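[1] got a structure for you, letters missing:
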Ligand SMILES: Cc1cc2nc3c(=O)[nH]c(=O)nc-3n(C[C@H](O)[C@H](O)[C@H](O)COP(=O)(O)OP(=O)(O)OC[C@H]3O[C@@H](n4cnc5c(N)ncnc54)[C@H](O)[C@@H]3O)c2cc1C
Ligand code: SF4
C-alpha cells in the first residue's frame, strides 16, 4: 500500500476544511474520510484508491440514532450498520432497513461499516478492482472490458455504453424505498439531498458516482416518520445464503386497505447502476387489488427498460420474481 498521512480532525469544521483542499471527491480523491474502512482500505490495498491524506471521522459526534420531533429518525454518519440494524425503533418502524442491513456482508463487517460509508461503497466489478485492467470508472477513457467480458453480476438498469457496474449496497435500496434524505456539511454550508438524487447514473462520466464535492462530509441521514399500517420487506437473492452481494433484491414499503394498494414504495438492488427506485412499479400497484397478477404486472413495469449484457440476462426474470415474491411476502405476512 502507498504511504499516506493519517489525520484525526478535532471537529467536523476542521474535517471539511481539510477535505475541501482535495481535487475531487470522486474516484481518485487525494483526501478521503474513513469510517469503518471496509471499502476504503480494501481499495487502498489494491491501489485503486491512493489518497495522500486519510481523515478519521470516528471521533466526531456523528454516532447517534435519534427519534425526531416529527416522528422521523436521524441516523448519524458513523452509526455502525449492526447498531442500526438492531436498534429497537428501526426494527419496529423501519423493518425493511433492518432486514437489508442484516442481509449484507458479515457480522464482523457490519460491526465496522458505517451509515455514510455504506452510502459510498463502491462497485464490486472485477475490472474496477484490478489496476492491470482498463476501466472507465477508475481511469476515464480507457474503456469498459465488462461489456464484452465478465458481466454476470453487473447491472441491467441505468447502464451506459461506458459502464455497466452495479451499485452493490443493500442498505441504500431500503433507504430508497423509505425515501431517506442525506445531510451534508460542505465548505459552503449544509445541504440535504433526497437519496434518489444522491447517486448518479454512469452516463459518460462513470467516475462521478455521487453529487459530492471536495470537502463534503455526510453528517447524518434522516428517514420520514413511519406510515401507520404500512408493511415492509427486504428480499435478497444471491448465489449463497450469506456473505454475498445481491444478484437481485427488492425493498417494499406498502399499504393495503380493503384489499387494494393505497401506497407503494418499491426499490430494487443488484440490478441497477444506482439503488433503483421504481416509480413504474409503484404506479402499477396503487389503486389495484393486492394480488399475484398485479404484482407480476408491477414487476414487468419495473424491468421494462432492462438491458441484458452477454452473461446477465437471467437477472431480468430473477428481479421480476424477486419483486413479485417480496410484494406477496409484504401483503400476506
Ligand atoms: C467481503 C465483503 C462483503 C460485503 N458484502 C456486502 C453485502 O452483501 N451487501 C452490502 O450492502 N455491502 C457489502 N459489503 C460492503 C460494506 O457494506 C461496505 O464496505 C461498508 O458499508 C462501507 O462502510 P465503511 O464505513 O467501512 O466505509 P469506509 O471504507 O470507511 O468508506 C467508504 C467510502 O465512504 C467515504 N466516507 C465514509 N464516511 C464518510 C462521510 N461521513 N462523509 C463523506 N464520505 C465518507 C470514504 O471516504 C470512502 O470513500 C461487503 C464488504 C466486504 C469487504
Ligand atoms: S462496468 Fe464500469 S466499473 Fe466495470 S469495467 Fe466497465 S467501466 Fe469499469
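    Looks like it came in fine. Predicted, not measured: the structure shown is a model, and the values here were computed from it. Ligands and ions are numbered 1, 2, ... in the order given.
[2] in the chain, which segments are predicted with low confidence?
    Counting by pLDDT under 70, the chain has low-confidence residues at 333.
[3] and it, which residues reach ligand 2?
    With CB under 6 Å from any ligand atom as the criterion, the chain meets ligand 2 at residues 123, 125, 127-128, 135-137, 144-146, 154, 163-165, 206. To be clear about C-beta, it is placed using only N, CA and C from the backbone, and glycine gets the same treatment.
[4] which among these are in contact with ligand 1?
    Counting by CB under 6 Å from any ligand atom, nothing from the residues of the chain next to ligand 2 sits close to ligand 1.
[5] among those residues, which ones are buried?
    Buried by 16 or more other CB atoms under 10 Å: 123, 125, 127-128, 135-137, 144-146, 154, 163-165, 206, out of the residues of the chain next to ligand 2.
[6] Among these, which lie within strands?
    Assignment to strands by DSSP state E places none of those there.
[7] now, among these, which is nearest to residue 237?
    Closest approach to residue 237 among those (CB to CB): residue 154, at 15.6 Å.
[8] Surely the closest one is in contact with residue 126?
    No: counting by CB atoms under 8 Å, residue 154 does not reach residue 126; the two are 9.7 Å apart.
[9] Now for those two: what residues contact both?
    residue 146 (CB atoms under 8 Å, 6 or more residues apart in numbering).
[10] Residue 158 reaches residue 202, doesn't it?
    Yes: between residue 158 and residue 202 there is a contact under CB under 8 Å: 7.3 Å.
[11] Between these two, which contacts overlap?
    Joint contacts of residue 158 and residue 202 (CB under 8 Å, 6+ apart) are residue 273.
[12] Now do the strands in this protein.
    Counting by DSSP E, the chain has strands at residues 5-7, 31-34, 53-56, 65-67, 73-76, 181-186, 189-194, 217-223, 231-237, 248-257, 260-269, 276-277.
[13] can you list contacts of stretch 207-218?
    Contacts to stretch 207-218, defined as CB under 8 Å, 6+ apart, come from residues 12, 15-17, 19-29, 31, 33, 57, 77, 115-116, 119-120, 122, 136-138, 140, 182-187, 193, 197-200.
[14] Identify each buried residue in the lengthiest helix in the chain, please.
    Secondary structure of the chain per DSSP state H: the longest helix is helix 314-332. Neighbour counts using 16+ other CB under 10 Å place 315-316, 318-320, 322-331 of helix 314-332 among the buried residues.
[15] Briefly note if stretch 31-42 comes near ligand 1.
    Yes: contact of stretch 31-42 with ligand 1 (CB under 6 Å from any ligand atom) involves 32-40, 42.
[16] Quick one: residues contacting the nearest residue to residue 23 once chain neighbours are set aside.
    Counting by CB to CB, 6 or more residues apart in numbering, residue 30 is the residue found nearest to residue 23 once chain neighbours are left out, at 5.8 Å. Residue 30 makes contacts with 22-24, 51-53, as judged by CB under 8 Å, 6+ apart.
[17] any idea how far ligand 1 is from residue 30?
    Going from residue 30 to ligand 1 by CB to the nearest ligand atom, to the nearest Å gives 12 Å.
[18] Use 17 as the first number for this chain going forward.
    Noted, 17 is the first residue going forward, which turns the last one into residue 46.
[19] one step back: and the strands of the chain, which is most packed in?
    Most buried of those by mean neighbour count (mean count of other CB atoms under 10 Å) is strand 292-293; its value is a mean of 26.
[20] who's in contact with that strand?
    Applying CB under 8 Å, 6+ apart, the set of residues contacting strand 292-293 from outside is 173-174, 189, 192-193, 212, 281-285.
[21] I'd like to know which of those is nearest to residue 309.
    Distances from residue 309 to the contacts of strand 292-293, taken as CB to CB, are shortest for residue 282 (16.7 Å).
[22] residues in contact with the nearest residue to that closest one once chain neighbours are set aside?
    Take residue 282 and drop its neighbours on the chain: the residue closest to it by CB to CB, 6+ apart is residue 297, 4.3 Å away. Shown in contact with residue 297 (CB under 8 Å, 6+ apart): 280, 282, 314-315, 317-318, 339.
[23] Likewise for residue 271?
    Each residue near residue 271 by CB under 8 Å, 6+ apart is listed here: 243, 245-247, 277-280.
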